[in-house]
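Student: coordinates for the following, if possible.
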Amino acid sequence: MTVEPARSAASRSTAEPVTPPSSPLPSSPAFPPGGRAAWLAWSIGVSVYVLAVIHRTSLGVAGLDAADRFGIGASALSTFSILQVLVYAAMQIPVGLLVDRFGPRRVLLVGVVLLSAGQLAFAFSSSFGPALVSRAVLGCGDAMTFISVLRIAARWFPAARNPFVAQLTGLVGMGGNLITTVVLAQVLHQEGWTPTFTAIALLGVGVFALVALFLREAPAGVAELAEVRPQSGERPPIGRQVRDCWREPGTRLGLWVHFTTQFPGNVFGLLWGLPYLVEAQGMSRAGAGGLLTLLVLSNMTAGFVFGRVLSRTARARMPIVLTVIAATALGWALALAWPGGHPPMWLLVGLVAVMGSNGPASLVGMDYARAHNPSERLGTASGIVNMGGFIGTMISLLGIGVLLDALTPEGTDGYPVDAFRWAFCWLYVPLAVGTLMILRLRRKVIA
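Tutor: From the prediction side, this is the model:
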């Protein structure tokens, strides 16, 4: 088979990292300068992502309160997170195209407005319908953050630093999750529904001002060159840009890596972790909140470790992915098969710690997309990859909610242990499908 010269370097990137020239031009968009200005720009951008994670995970500690407030069961409760994730996933390609064409700063500003508006509406909703619409608006704003921050990083940092900065972005973003599990849960219990969610919505005012006044998308010189297109210099049609990204096996491999590794931790942290620990395992809300905090801390630790490893060698990508998938599957198998459905605390702690590695492992999918696509379509490629984990999350949230309702006898107060055990078995369906697709596409990328 004949390999086109323009794609040969990208094809080799999974086997060995490409070493940049020893003396790159300062104005080259491929090798930006980094330094203090780069970290400042990234810090401003990542503040929006932290805010988005706070909004995204706020329902995770308020699931039982939402069920009482709106008078709904497990299936309807899961609809909140499903719709939010569905909108997030559906917006990824449009957001990637917007970032490629209008720049990350404008997209981040729109994202902050939508996040704040959605959360404010959710704070004052007293019925299921309006609350559902508000979560959809919030999901739309959330979708505009992560890809934008990655694009800022790609313009400010040298290529060799991008895997580490991407993992660091995820690590810092988990700080938002930590705020949710430690602070928001306590404030919600003390102050009530409307004051708590209104306060979260108003955080967007300060973040909007920070981005509008101080964010620079790229260093001087790189800003102009970053928009130059090859050949004619004209922007490719939207349809062709999406097709070119999708035809690249590295993009599809990245999507399935993201799909398979991210959703177990997402499902646990976004919605079903607290009900499982409180109702199935008999833990107090404080104890369950402590384990959810461990999920966040494990995520941050894994993100730092994976980032350091991946910045040194691209060969570690697939071993990290397959190890995380295997450990997650084994952890859930032990917990669900434990006699009586009440695994010991050491096993729950281990399971939560393993799921903390899910998010950082999913960012390996972004590395595959970045290594196999030219800079002018990185936003689009990142959007395609970023859909994966949230599609897996949506499928799993719905499957677990439907099974919980189906397996719980009518008139039962709460959900029995066996209902949770069988409902969480659903996780193995997307795990198996995703793993098979990763192994299949891995061979194509290597070839």
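Student: number of nearby residues for residue 128?
Tutor: 16 (other CB atoms under 10 Å). (C-beta placed from N, C-alpha, C; glycine too.)
Student: can you point out the buried residues in the helix or strand hosting residue 435?
Tutor: Using DSSP states H and E, residue 435 sits in helix 428-446. Using 16 or more other CB atoms under 10 Å as the test for burial, helix 428-446 gives 430, 431, 434, 435, 437, 438, 441, 442, 445.
Student: need the contact list for residue 391.
Tutor: Contacts for residue 391 (CB atoms under 8 Å, 6 or more residues apart in numbering) come out as 89, 259.
Student: picking up where we left off before, quick one: residues in contact with the helix holding residue 435.
Tutor: Residues contacting helix 428-446 (CB under 8 Å, 6+ apart): 11, 14-15, 249-250, 252-253, 256-257, 259-260, 263-264, 318, 321-322, 325, 328-329, 332, 368, 372, 392, 395-396, 399.
Student: can you redo the buried residues of helix 428-446 as a markdown table with pLDDT?
Tutor: Compiled in a markdown table, the buried residues of helix 428-446 are given as follows (pLDDT from 0 to 100):
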| residue | pLDDT |
| --- | --- |
| 430 | 95 |
| 431 | 96 |
| 434 | 96 |
| 435 | 96 |
| 437 | 96 |
| 438 | 96 |
| 441 | 92 |
| 442 | 90 |
| 445 | 83 |
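Student: surely residue 139 touches residue 92?
Tutor: No. The criterion here is CB atoms under 8 Å, and residue 139 misses it with residue 92 at 11.1 Å.
Student: look at those two and report which has more neighbours.
Tutor: The neighbour comparison of residue 139 against residue 92 (other CB under 10 Å) goes to residue 139, with 28 against 25.
Student: tell me which helix or strand the more buried one sits in.
Tutor: Going by DSSP H and E, residue 139 is part of helix 128-142.
Student: I'd like to know how far residue 118 sits from residue 108.
Tutor: Separation of residue 118 from residue 108 (CB to CB, to the nearest Å) stands at 16 Å.
Student: so the two - more neighbours on which side?
Tutor: residue 108 (31 against 24).
Student: narrow the contacts of helix 428-446 to those in helices?
Tutor: Among these, the ones falling in helices (DSSP state H) are 11, 249-250, 252-253, 256-257, 259-260, 263-264, 318, 321-322, 325, 328-329, 332, 368, 392, 395-396, 399.
Student: still on that earlier bit, emit the ChimeraX select command for whichever of the contacts of helix 428-446 are buried.
Tutor: In ChimeraX, selecting the buried portion of these, with burial taken from 16+ other CB under 10 Å, looks like this:
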select :11,14,249,250,252,253,256,257,259,260,263,264,318,321,322,325,328,329,332,368,372,392,395,396,399
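Student: which residues sit against stretch 39-46?
Tutor: So stretch 39-46 is in contact with 104, 108, 148-149, 152-153, 156-157, 165, 169, 172-173, 210-211, 214-217, going by CB under 8 Å, 6+ apart.
Student: which among the residues you listed end up buried?
Tutor: Buried among those (16+ other CB under 10 Å): 104, 108, 148-149, 152-153, 156-157, 165, 169, 172-173, 210-211, 215-217.
Student: show me these that map onto helices.
Tutor: 104, 108, 148-149, 152-153, 156, 165, 169, 172-173, 210-211.
Student: so which one among these has the lowest pLDDT?
Tutor: Note: of those, the lowest pLDDT belongs to residue 173, at 84.
Student: my guess is that residue meets residue 51, correct?
Tutor: No. Between residue 173 and residue 51 there is no contact under CB under 8 Å: 9.6 Å.
Student: what do those two both touch?
Tutor: Common neighbours of residue 173 and residue 51 (CB under 8 Å, 6+ apart) do not exist.
Student: before we move on, back to that, among the ones in helices among the buried ones among the contacts of stretch 39-46, which two are most distant?
Tutor: Pairwise distances across these (CB to CB) peak at 19.3 Å, for the pair 165 and 210.
Student: helix or strand with the lowest mean pLDDT in the protein?
Tutor: helix 5-12 (a mean of 40; mean pLDDT, DSSP states H and E).
Student: next secondary structure element downstream of that helix?
Tutor: That would be, after helix 5-12 and using DSSP H and E, helix 36-57.
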